[in-house]
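>>> here's a sequence, model it:
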Amino acid sequence: MYLGIDLGTSSVKALLIDDRQAVIGSASSGLNVSRPHPGWSEQDPADWISATILAIRALGEKHPREVAAIKGIGLSGHMHGATTIDDAGAVIRPSILWNDTRSHAEAAKLDADPRFRKITGNIVFPGFTAPKLVWMERNEPDLFKRVSKVLLPKDYLRFWLTGETISEMSDAAGTSWLDTGKRDWDNDLLALTGLSREQMPSLVEGTDQAGSLRGDVAAQLGLPAGIPVAGGAGDNAASACGMGTVADGAAFASLGTSGVLFAANGAYRPNPESAVHAFCHALPDTWHQMGVILSATDSLNWLAGVAGTDPATLTGATGEKLQAPGSVLFLPYLSGERTPHNDAQIRGCFAGLGHESDQAWQRYWICRWICQQMETLAQLLVLPG
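So this is what the prediction gives:
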């Protein structure tokens with residue numbers, strides 16, 4: 001038996017599979033996002049741990065013998081989050097998430113230095129990790145001085161599970177500190193943001209072991225102590241592996257909190273001017289390209305809240321028959337945008353409203369803007385041939 005833990009923006013999901021990759025069971029526990037100021041998006045890492053405990057215990061209640069037979073753990077999670085700990089391993093401040101755009105000025109300044117695009121193969125986006133630490137140094141200097149390690153969200157879960165500060169290539173590629181071609185931290189880029197290699201986790205490939213389950217945590221979760229924890233992957237690279245999207249030119253579209261178009265590459269193919277990301281894949285000697293819309297189903301969640309209903313009710317109203325979109329156009333820039341428009345301050349709007357725009361228009365604008373945005377991203381990806 002094997003356990004997969006996925007740290008999502010809205011929940012932690014635990015998946016139990018056997019050695020033939022057949023799903024035995026799954027469980028999840030919800031998470032909330034804090035937005036104390038416009039453009040901010042944070043979570044308390046303690047909530048990740050609590051949700052993980054609840055999800056795994058729920059699996060254990062349904063499948064006690066199978067959970068007791070788990071031989072390994074895999075990790076995936078949302079990328080780019082700045083999770084900082086001090087010398088004692090204590091969390092310094094809430095984790096600044098991938099869709100937080102407060103550091104847009106810091107990102108623009110870093111991106112103006114040509115070394116960042118040349119070495120990382122990417123624009124320095126406000127959602128990436130490096131500008132968040134620069135923001136922290138400028139706005140929370142006392143907290144910044146305490147930073148012993150900077151961890152990505154799933155790697156903070158690893159730290160809790162194993163006591164080790166380790167990351168892997170697919171997640172590290174989204175920090176603006178990784179030499180994406182060489183698959184290693186770049187000392188110069190770290191120095192440009194006031195940090196050093198010693199403050200970074202060590203790096204492994206996603207298929208490598210990255211720590212073992214600590215005895216006290218194993219007892220808390222009802223799992224065998226000492227079982228290996230794999231390097232794992234950032235959320236989209238993990239999804240790609242699960243779907244077999246690893247061969248050069250294979251691709252998929254994903255609609256979650258964000259919207260993603262992902263293409264696997266057999267070689268490193270950076271194209272930062274397009275705002276398409278060039279990242280390491282979770283497998284050795286493999287890379288991928290990715291375009292990201294920040295608010296995909298998150299826009300649906302927003303509309304449901306405004307309308308006083310739930311997302312399932314809104315989408316259920318569309319029925320099972322495919323229908324063409326109406327005249328209303330929605331621009332989904334609730335948290336700024338990343339691809340194809342690198343603009344942290346852009347905001348969403350409706351256009352094309354008329355007297356005929358009754359409740360039925362809610363059924364159509366969702367599919368319209370998703371299709372338009374995904375088509376734009378597909379045109380930007382550089383695929384073989």
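
>>> any low-confidence regions in the stretch 251-385 of the chain?
325, 358-385 (pLDDT under 70).

>>> can you give me the strands for it?
251-255, 259-265, 277-280, 287-293, 329-331, 349-351 (DSSP state E, counting those that start in this stretch).

>>> could you report the pLDDT at Arg197?
Per-residue pLDDT puts Arg197 at 98.

>>> so Ser41 sits right up against Asn99, yeah?
Yes. At 4.9 Å, Ser41 counts as touching Asn99 under the criterion of C-beta atoms under 8 Å. C-betas here are computed from N, CA, C, even on glycine.

>>> between those two, which has more neighbouring residues?
Legend: neighbour count by other C-beta atoms under 10 Å for Ser41 and Asn99, higher for Asn99 (26 against 23).

>>> next, the more buried one: secondary structure please.
Assigned with DSSP: H, G, I helix; E, B strand; the rest coil, Asn99 falls in the coil class.

>>> tabulate the strands of the stretch 251-385 of the chain (JSON lines), appending mean neighbour count.
JSON lines is the format used below for the strands of the stretch 251-385 of the chain (neighbours: other C-beta atoms under 10 Å):
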{"stretch": "strand 251-255", "mean neighbour count": "15"}
{"stretch": "strand 259-265", "mean neighbour count": "24"}
{"stretch": "strand 277-280", "mean neighbour count": "27"}
{"stretch": "strand 287-293", "mean neighbour count": "26"}
{"stretch": "strand 329-331", "mean neighbour count": "18"}
{"stretch": "strand 349-351", "mean neighbour count": "11"}
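
>>> so which of those strands is nearest Thr120?
Across the strands of the stretch 251-385 of the chain, Thr120 has its closest neighbour in strand 277-280 (8.2 Å, C-beta to C-beta).

>>> that closest one pairs with which strands, parallel or anti?
Strand pairing for strand 277-280, determined by DSSP bridges: strand 287-293 (antiparallel).

>>> hmm, who's touching stretch 330-342?
Contacts with stretch 330-342, where a contact means C-beta atoms under 8 Å, 6 or more residues apart in numbering, come from 39, 41, 99-101, 104, 123, 125-127, 274-277, 291-296, 298-299, 302, 343-351, 365-366, 368-369, 373, 376-377, 380.

>>> kindly report the same for stretch 301-313.
Ser295, Thr297, Leu300, Leu314, Leu334, Gln362.

>>> same list (the residues you listed) but as JSON lines, adding distance to Ala230 and neighbour count.
Converted to JSON lines, the contacts of stretch 301-313 look like this (distance: C-beta to C-beta, whole Å; neighbours: other C-beta atoms under 10 Å):
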{"residue": "Ser295", "distance to Ala230": "31", "neighbour count": "22"}
{"residue": "Thr297", "distance to Ala230": "28", "neighbour count": "18"}
{"residue": "Leu300", "distance to Ala230": "33", "neighbour count": "20"}
{"residue": "Leu314", "distance to Ala230": "38", "neighbour count": "18"}
{"residue": "Leu334", "distance to Ala230": "34", "neighbour count": "17"}
{"residue": "Gln362", "distance to Ala230": "42", "neighbour count": "22"}
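
>>> in helices, which of the residues you listed appear?
Thr297, Leu300, Leu314 (DSSP state H).

>>> for the residue minimising distance to the centre of the chain, what are its contacts?
Most central in the chain under C-alpha atoms, centre = their mean is His78, positioned 2.2 Å from the mean C-alpha point. Counting by C-beta under 8 Å, 6+ apart, His78 touches Leu7, Gly8, Thr9, Leu97, Trp98, Pro153, Lys154, Gly234, Asp235.

>>> most neighbours, which of those?
Greatest neighbour count in those, by other C-beta under 10 Å, goes to Gly234: 32 neighbours.
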